[in-house]
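Undergrad: Return atomic coordinates for the entry below.
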Amino acid sequence: VAAPSDGHGGQNTSIIGFAPLPGISRITHVSTGIAWHMFVWQSSEELFAPIKNLFTRVAGFGLLAIILLTTLGIIAAERIVTPIRKLQEAAGLIGRGALKETITIHTNDEIEELAEAVNHMNQQLQVAFAGLTSEVELKQQEVEYLQESTDQILGNVPDPVIVLDQDWRIQYMN
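TA: This is a model prediction of the structure:
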């Protein structure tokens, strides 16, 4: 039974329980004719104090866990995202042929190994491009030499030579 007062002047709702006492009632019923009951009272504040305490602790530990996990998530994200963004920028520079310095990432994990692999790849690409550049220059010189030789040969031919394109425009004439 929920009662509006605890009987001791309190203003809070109290919890009251009662039960008949059949053994005592049998003994005294003959002389008094009254049935005995046992009533138990406990303040609702006292009754719910352990639950409130548990709820407070669980809420506090939950909040602490959320703060801890958020902090660890931010730290982990910084340790992962920042180096990956550096690698992403370096890859863009390599793609444009503009990466001249090595990437320095110190994470002591796979990301650092990836940065070292990207540096090695960049060095190999620079060597390959340097070889290609010199080869292109050599081929360009050969083309110019062949073009000059062809012009000299055609210029010294005594017969007229006329070279036309598909639209019948003159491309060369000696």
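Undergrad: Now the element after the longest helix along the chain, going C-ward?
TA: The longest helix of the chain (DSSP state H) is helix 44-96. Sequence-wise, the next helix or strand downstream of helix 44-96 (DSSP states H and E) is helix 110-156.
Undergrad: what's the angle from that next one to helix 44-96?
TA: For helix 110-156 against helix 44-96, the angle by axes from the mean of the first three to the mean of the last three CA atoms, to 10 degrees is 20 degrees.
Undergrad: So which other helices or strands are in contact with helix 110-156?
TA: Judged by 3 or more CB pairs under 8 Å, 6 or more residues apart in numbering; DSSP states H and E, the packing partners of helix 110-156 are helix 44-96. For the C-beta atoms, the positions are set from N, CA and C on the backbone; glycine is no exception.
Undergrad: Which residue is most remote from the mean position of the chain?
TA: Within the chain, residue 31 marks the point farthest from the mean C-alpha position, 82.7 Å out by CA atoms, centre = their mean.
Undergrad: For residue 24, see how far away that residue is.
TA: 12 Å (CB to CB, to the nearest Å).
Undergrad: and what of residue 161?
TA: Residue 161 sits 140 Å away from residue 24, going by CB to CB.
Undergrad: got it, and residue 60?
TA: Distance from residue 60 to residue 24, by CB to CB: 47 Å.
Undergrad: now do residue 102
TA: 94 Å.
Undergrad: Could you do residue 158 as well?
TA: 149 Å.
Undergrad: Mind checking which of those two has more residues around it?
TA: residue 24 (13 against 5; other CB atoms under 10 Å).
Undergrad: From residue 132, how far off is residue 165?
TA: From residue 165 across to residue 132, the span is 31 Å (CB to CB).
Undergrad: my bad, should have said residue 22
TA: Computed as CB to CB, the residue 22 to residue 132 distance reads 107 Å.
Undergrad: Over to residue 84?
TA: Applying CB to CB to residue 84 and residue 132 gives a distance of 30 Å.
Undergrad: Neighbour count: the two, which is higher?
TA: Neighbour count, other CB under 10 Å: between residue 84 and residue 132, residue 84 has more, with 14 against 10.
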